[in-house]
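Engineer: just need the structure, nothing else, for what follows:
(one chain, ligands or ions: 2)
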Amino acid sequence: MFKNLWYNTGMKFRFSDFFSDVTNFVKGGRVLGVDIGTSSIKLVELSRRADRFRLLNYGILETKDYLEHPNLALQGDSLKLDEKKTSELLRLLVRQTGVKSTTALVSIPSYSSFVTVLDMPLLSLGETEKAVLFQARQFIPLEPSEVTLDWSKVDETVNERGQRFQKILLIGIPNEIVEVYKRTLKVAGLRTVALELESIALARALLHADPRPTMIVDIGGIATNVVVVEGGVMKYSGQTNHAGLYLTRALEESLGVSMSRAEELKKRSGLLGKGSELELSTLLLSFLDVIIEEAQRLKSIFEERYSKKVQKLILTGGGANLQGVEKYMGEQIGFPISPSQVFLDIEYDPRLGAIERGLGNELAVAVGVARRYFM
Ligand SMILES: Nc1ncnc2c1ncn2[C@@H]1O[C@H](COP(=O)(O)OP(=O)(O)OP(=O)(O)O)[C@@H](O)[C@H]1O
Ligand SMILES: [Mg+2]
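Structural biologist: Ligands and ions are numbered 1, 2, ... in the order given. Coordinates of the predicted model:
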């Protein structure tokens, strides 16, 4: 669906049609989806036969270090992946889960990429391309040779005077990020066949065939990501830097406990604490309000720009496991949160045991990126 636009004609790696070299593969095989977050690495092994997906294996490797030493996160505030550490952990995860495939698709976090919506008159394809190139320079603070762009028309409107306009969704991924991810996977023994923005992977994992404007709120470790998708097309993506780690840190400071203890308390009581933990839940509510306000703000930006309302909201990411968050957030935003159904059309191998509640929230990106292989 996306058109590729090349600043750098020598570039070999592509986002959209990268599968051109593997189209002859029988896609009945198995493939890995890899999601490298700030606090953990997630891995799924997926296969597809006819219309049926099967989760063959999965693993989550959490790195607790980042709680006490945020600069030890896999991707620190500098947003640069710690290649050596990440590839070691990924190799460990591959070994421990015993996944059989070495073919992998990997997601790129929103905070490592540039996504923006451009408004412009409806032009010919060639003119649009020129205009996109020109505007990209204003939005992306990198030299053209340092970034790969992808763009696509996502909306068309006519004003009262009959003038036609279009909206273009522009994605820019720094070439260095692409190289870092490919190297990291290679050192871990994996062959990367595609990289994809995590927002797009999430939409694939969670939306199924629902065409309504749907907002996905992904509460991760350091960032909350908001993506709006309509009719299978990503229309908007924004993020805030308040997420799970912010909640833990707020508890640490308010209660005067260690980060590990604050993390434990957060996960145990969430918003539903009773008795001695009621105070904790009340505190958490007030901090969660910050995340909800930011999500509301991003929702309004989408609604204003597209002159339409979000009709459905799905919560995901580890932060969506906070006890009581769906009910509270639904009340604040004004309509119920829809269930996140990552495993709706995916069977699991019985040897994996039951997929616990909440795992879908953590694995959504990895599942979404793996599914892309079979599209
Ligand atoms: N039961 C729970 N209750 C509250 N928070 C939880 C629970 N389980 C996980 N979390 C929080 O989810 C966050 C991690 O979420 P996730 O695994 O989606 O992050 P990530 O992908 O590593 O981070 P990012 O996407 O920001 O890079 C952590 O802050 C963790 O405390
Ligand atoms: Mg994440």
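
Engineer: C-alpha only now, for contacts and for neighbours.
Structural biologist: Fine.

Engineer: show me what contacts residue 315?
Structural biologist: Contact analysis of residue 315 by C-alpha atoms under 8 Å, 6 or more residues apart in numbering lists 216, 217, 218, 219, 326, 337, 338, 339, 340, 361.

Engineer: did I read that right, it in a helix?
Structural biologist: No - applying DSSP: H, G, I helix; E, B strand; the rest coil, one finds residue 315 to be strand, outside a helix.

Engineer: how close does it get to residue 141?
Structural biologist: 31 Å (C-alpha to C-alpha, to the nearest Å).

Engineer: what's residue 158 sitting at in phi/psi?
Structural biologist: The phi/psi pair for residue 158 (degrees, to the nearest 10) reads phi -130, psi 130.

Engineer: swap that for residue 257, please
Structural biologist: According to degrees, to the nearest 10, residue 257 has phi -110, psi 170.

Engineer: one more: the one 5 residues further on?
Structural biologist: For residue 262, the backbone dihedrals (degrees, to the nearest 10) come out as phi -60, psi -40.

Engineer: what number of residues lie near it?
Structural biologist: 23 (other C-alpha atoms under 10 Å).

Engineer: per-residue pLDDT, it?
Structural biologist: If you check residue 262, the pLDDT there is 95.

Engineer: ok, now residue 143?
Structural biologist: For residue 143, pLDDT reads 88.

Engineer: next one: residue 3
Structural biologist: Model confidence at residue 3 (pLDDT) stands at 30.

Engineer: repeat for the one 4 residues further on
Structural biologist: Per-residue confidence (pLDDT) for residue 7: 28.

Engineer: please parse the protein into its domains.
Structural biologist: 1-208+341-375, 209-339 (automatic domain parsing).

Engineer: ok so, going back, helices - which of the contacts of residue 315 land there?
Structural biologist: 326, 361 (DSSP state H).

Engineer: reformat the contacts of residue 315 as CSV; add pLDDT and distance to residue 239.
Structural biologist: CSV is the format used below for the contacts of residue 315 (pLDDT from 0 to 100; distance: C-alpha to C-alpha, whole Å):
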residue, pLDDT, distance to residue 239
216, 97, 11
217, 97, 9
218, 97, 9
219, 97, 10
326, 96, 19
337, 96, 19
338, 94, 20
339, 90, 21
340, 91, 19
361, 94, 18
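
Engineer: got the contacts of residue 315 as JSON lines, with neighbour count and distance to residue 202 columns?
Structural biologist: Output for those, formatted as JSON lines (neighbours: other C-alpha atoms under 10 Å; distance: C-alpha to C-alpha, whole Å):
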{"residue": "216", "neighbour count": "27", "distance to residue 202": "8"}
{"residue": "217", "neighbour count": "25", "distance to residue 202": "10"}
{"residue": "218", "neighbour count": "27", "distance to residue 202": "9"}
{"residue": "219", "neighbour count": "28", "distance to residue 202": "12"}
{"residue": "326", "neighbour count": "18", "distance to residue 202": "18"}
{"residue": "337", "neighbour count": "20", "distance to residue 202": "16"}
{"residue": "338", "neighbour count": "14", "distance to residue 202": "15"}
{"residue": "339", "neighbour count": "12", "distance to residue 202": "14"}
{"residue": "340", "neighbour count": "20", "distance to residue 202": "10"}
{"residue": "361", "neighbour count": "22", "distance to residue 202": "10"}
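
Engineer: which phi and psi does residue 251 have?
Structural biologist: According to degrees, to the nearest 10, residue 251 has phi -70, psi -40.

Engineer: give me the residue ranges of the protein where confidence is low.
Structural biologist: Residues of the chain that meet the criterion pLDDT under 70 lie in 1-28, 64-80, 351, 353-358.

Engineer: interface residues of the stretch 101-250 of the chain facing ligand 2?
Structural biologist: Applying C-alpha under 5 Å from the ion, one finds that the stretch 101-250 of the chain approaches ligand 2 through residue 220.

Engineer: what segments of the stretch 101-250 of the chain are helices?
Structural biologist: 125-139, 175-187, 198-207, 244-255 (DSSP state H, counting those that start in this stretch).

Engineer: now these in JSON lines, with mean neighbour count?
Structural biologist: Output for the helices of the stretch 101-250 of the chain, formatted as JSON lines (neighbours: other C-alpha atoms under 10 Å):
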{"stretch": "helix 125-139", "mean neighbour count": "14"}
{"stretch": "helix 175-187", "mean neighbour count": "18"}
{"stretch": "helix 198-207", "mean neighbour count": "25"}
{"stretch": "helix 244-255", "mean neighbour count": "19"}
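
Engineer: point out the residues in the stretch 251-375 of the chain that sit beside ligand 1.
Structural biologist: Counting by C-alpha under 6 Å from any ligand atom, the stretch 251-375 of the chain comes close to ligand 1 at 263, 266, 267, 270, 317, 318, 319, 321, 322, 362.

Engineer: ChimeraX command to pick out the buried ones of those residues?
Structural biologist: Entered in ChimeraX, the line below selects the buried ones among those, by 16 or more other C-alpha atoms under 10 Å:
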select :263,266,270,317,318,319,321,322,362
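
Engineer: just to revisit the earlier point, can you list the helices of the stretch 101-250 of the chain in CSV and add distance to residue 281?
Structural biologist: Formatted as CSV, the helices of the stretch 101-250 of the chain follow (distance: least, C-alpha to C-alpha, whole Å):
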stretch, distance to residue 281
helix 125-139, 40
helix 175-187, 38
helix 198-207, 29
helix 244-255, 10
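
Engineer: measure residue 374 to ligand 2 for me?
Structural biologist: 22 Å (C-alpha to the ion, to the nearest Å).
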